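Engineer: predicted model and sequence follow; I will ask about them next.
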Amino acid sequence: MGDEYRIQTPESVAYNELLRNQKNELANQTFKVDAERSNRIRGRFAELGRRLSLTHGASKESRTISTCFDAVLPNDSGKRIYAWVRDGWNTDESTVIADARQAGNQSPTVFVFIPKRQADDLRNNIIDFRASKATLELKEAPSTNEGRDARMHIETIRQTAEQRINEILDGVFSQARVFQAGGSEASGDSLVEMILEAANSSLARLFPKFPEADNANWGKVYEKASKGAADALSAIGFHGEVPGNPVCKAILGFIGGGKKGSEIREHFAASPYGWPKDAIDGGLQILLVAGHTRAKDDRGNQIKPTDLERRDIGKTAFLVETKIVSAEQKLLVKKLLQKAECPLKAGEEIAAVPAFLEKLAKLAAGAGGEAPMPAKPSKLVIDELKSLMGNELLVMIATKHDELDKLIDIWTTLKKSIEARLPGWTTLKELVSHMDALRDAEAYRVQANAIEAQRSLLDDPDPVAPLVSSVTKVLRDELVRLARSYEDRHKQGMERLQDDQNWNRLEPEQRSELLSKHNLSEADKPDVKVEDTVAVLKTLQALPIQSFRDRVDALLERFDRVLAEAAVLLEPEVTSIALPKRVLKTTADLESWLNQVREQLEKALGKGPVRIK
């Protein structure tokens, strides 16, 4: 090899012979060499392709550059950006330039030409690479030093060829040229820069209508519109009528007789629009909220604008709203909303209507109820309105303006009247429940039941208030009578105590303890307040009529128990004495023990009764 001479061994001879055979075979099989070269060029371009990243406009929409190595462009070359790569081994440069010019200024295709340079050198090194690689694959790993040396020699040939191929391709790619469709050549310090420059120009050709939707805040438009905000377009600085926005206008025109969300998205994501998904979804949502379109699910049921989930847009059917709301109709709707005290922003009638319908439903619910209130009014008109949506709903509200205006007045009056009289009814029911122990209870109960049965709570004159007054008086009179009776009997009982000798001998603390024990102290006297209905009820809640009667009736017995316990307290205290224990042996011992016991008992008897243990 050059000035170096290698000693031929049987192993090196075998390796070199196999290498020579592989090279001769490849030299006669040009297609293999051409395939290796083409794969190398494509592989090199694929490595560059990883750096071919495009973001489009202020919304930073990601764009893809597709690669084509075929002799002709794909059928969809007018709908996406292709880098059409050809090399000088298969096509001459003039053909590529001619194709670029012929494509015209509207084509988004980028034409890339890889020139043919050092062709023989590249071919020879490809043969060396393929032949040495095949030799290494065909020969088993040697076990001798001579065999390993021979194999290392072939590996060196492979590595040298690999390095040289890469050097040649580096040079070839550095001389590549890039042409914009129409024929103008792109400039740049590298092939990547040239392709990106041409591709950016292609974006304007592929998506000429992209600027209409190029705003990073379309996502905010969708978020606001999904919550029912009719001014959602203000997020992108648009303050006119919704159909006047270019995106909304285009979507409205495309929907026509009806389109699925997936169709709309696909249409406006493709050329000539290339709009961001946020812009498409935001436009669809604000058109719904503003009442210019309607949405239906896959069962044909209408979807409220605020109920449409983003994940369901694709399968949702969108239709252009056919009902047009006149300025006069909007004014009628506005008046009703204001009367119902529903917040309303200019141009947001559709968004405010759900709250209006809920307010009507609450008014209706409060205008009646369980007896004795009037029966709840029919909500048929509300249910009818809830079955409609969008402009159709606004038109119907305007049509029923007079009816709804009257119902608001009626239901509001009923609700206020019920709120005013219902507490009185609740009081009456509680008062009557405390009359069970009274003789006239049934007569009053019948009157209260009649009010309930006839739902006459709101009758004029008020049937409840006079009955509350009458029942209060009856209960007040009974409470006053019982309070006097209690006071009289308590006074009599205390006089009995004052006349009792045992009571008078007790200490003051003992007297107080006995009275408290039997609930006869001043603090135990019933707290009877009857100045008004509230006071009467409070007294009855603490002390019902029958319980009060029982307390009065029990006074005599309680004072009897006090007198009995007073007598027990004055009985002398009995002292327990334990006799001394002793072993008695003589009469003298007995006499001594008796004297001791006598002395102990006599001393104890001086203090009171004695019990011998």
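Structural biologist: Good, I have the coordinates.
Engineer: hey, which strand is longest across this protein?
Structural biologist: Taking DSSP state E as the criterion, the chain has its longest strand at strand 81-87.
Engineer: what packs against that one?
Structural biologist: Applying 3 or more CB pairs under 8 Å, 6 or more residues apart in numbering; DSSP states H and E, one finds that strand 81-87 contacts helix 30-49, strand 65-68, strand 110-114, helix 191-206. Backbone N, C-alpha and C define where each C-beta goes, glycine included.
Engineer: all helices for the stretch 151-300 of the chain, in order.
Structural biologist: 191-206, 218-226, 246-255, 261-269, 277-289 (DSSP state H, counting those that start in this stretch).
Engineer: pick the most buried one from these.
Structural biologist: Across those, the average number of neighbours (mean count of other CB atoms under 10 Å) peaks for helix 277-289, which reaches a mean of 26.
Engineer: on that earlier part again, now do the longest strand of the chain and strand 110-114, the angle between them.
Structural biologist: Going by axes from the mean of the first three to the mean of the last three CA atoms, to 10 degrees, strand 81-87 is angled at 20 degrees with respect to strand 110-114.
Engineer: which residues of this structure score low on pLDDT?
Structural biologist: 1-7, 346-347, 572-574, 611, 613 (pLDDT under 70).
Engineer: before we move on, the earlier item: next, the angle strand 110-114 makes with the helix or strand following the longest strand of the chain.
Structural biologist: Using DSSP states H and E, the next helix or strand after strand 81-87 towards the C-terminus is helix 93-103. For helix 93-103 against strand 110-114, the angle by the same axes, to 10 degrees is 180 degrees.
Engineer: what helices and strands are in contact with helix 93-103?
Structural biologist: Helix 93-103 packs on strand 110-114, strand 177-180, going by 3+ CB pairs under 8 Å, 6+ apart.
Engineer: ok, which of the helices of the stretch 151-300 of the chain comes nearest Lys386?
Structural biologist: Lys386 lies closest to helix 277-289 among the helices of the stretch 151-300 of the chain, at 17.3 Å (CB to CB).
Engineer: rewinding a little: in TSV, list the helices of the stretch 151-300 of the chain along with distance to Ala103.
Structural biologist: Formatted as TSV, the helices of the stretch 151-300 of the chain follow (distance: least, CB to CB, whole Å):
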stretch	distance to Ala103
helix 191-206	10
helix 218-226	33
helix 246-255	27
helix 261-269	24
helix 277-289	29
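Engineer: gap between Glu328 and Arg164?
Structural biologist: Distance of Glu328 to Arg164, given as CB to CB, to the nearest Å: 86 Å.
Engineer: of those two, who's got more company?
Structural biologist: Arg164 (18 against 9; other CB atoms under 10 Å).
Engineer: over to Ile127: give its phi and psi.
Structural biologist: phi -60, psi -50 (degrees, to the nearest 10).
Engineer: for it, give me its contacts.
Structural biologist: Taking CB atoms under 8 Å, 6 or more residues apart in numbering as the criterion, Ile127 is in contact with Lys23, Leu26, Ala27, Val33.
Engineer: roughly how far apart are the third one and Asn21?
Structural biologist: By that I understand Ala27. From Ala27 over to Asn21 (counting by CB to CB), the distance is 11 Å.
Engineer: circling back: out of the helices and strands packed on helix 93-103, deepest packed?
Structural biologist: Of all those, strand 110-114 has the most neighbours on average by mean count of other CB under 10 Å, namely a mean of 26.
Engineer: Ser53 and Glu212, how far apart?
Structural biologist: 24 Å.
Engineer: more neighbours, those two?
Structural biologist: Set Ser53 next to Glu212 and count neighbours by other CB under 10 Å: Glu212 wins out with 17 against 13.
Engineer: pretty sure the more buried one is touching Pro246, no?
Structural biologist: Yes. With contacts counted by CB atoms under 8 Å, Glu212 reaches Pro246, the gap being 4.2 Å.
Engineer: show me what contacts Ala437?
Structural biologist: Pro544, Ile545, Gln546, Arg549.
Engineer: from these, list the buried ones, please.
Structural biologist: The neighbour-count test (16 or more other CB atoms under 10 Å) marks Ile545 as buried among those.
Engineer: just put the contacts of Ala437 in JSON lines and tack on secondary structure and distance to Glu599.
Structural biologist: Converted to JSON lines, those look like this (DSSP: H, G, I helix; E, B strand; the rest coil; distance: CB to CB, whole Å):
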{"residue": "Pro544", "secondary structure": "coil", "distance to Glu599": "65"}
{"residue": "Ile545", "secondary structure": "helix", "distance to Glu599": "67"}
{"residue": "Gln546", "secondary structure": "helix", "distance to Glu599": "64"}
{"residue": "Arg549", "secondary structure": "helix", "distance to Glu599": "62"}
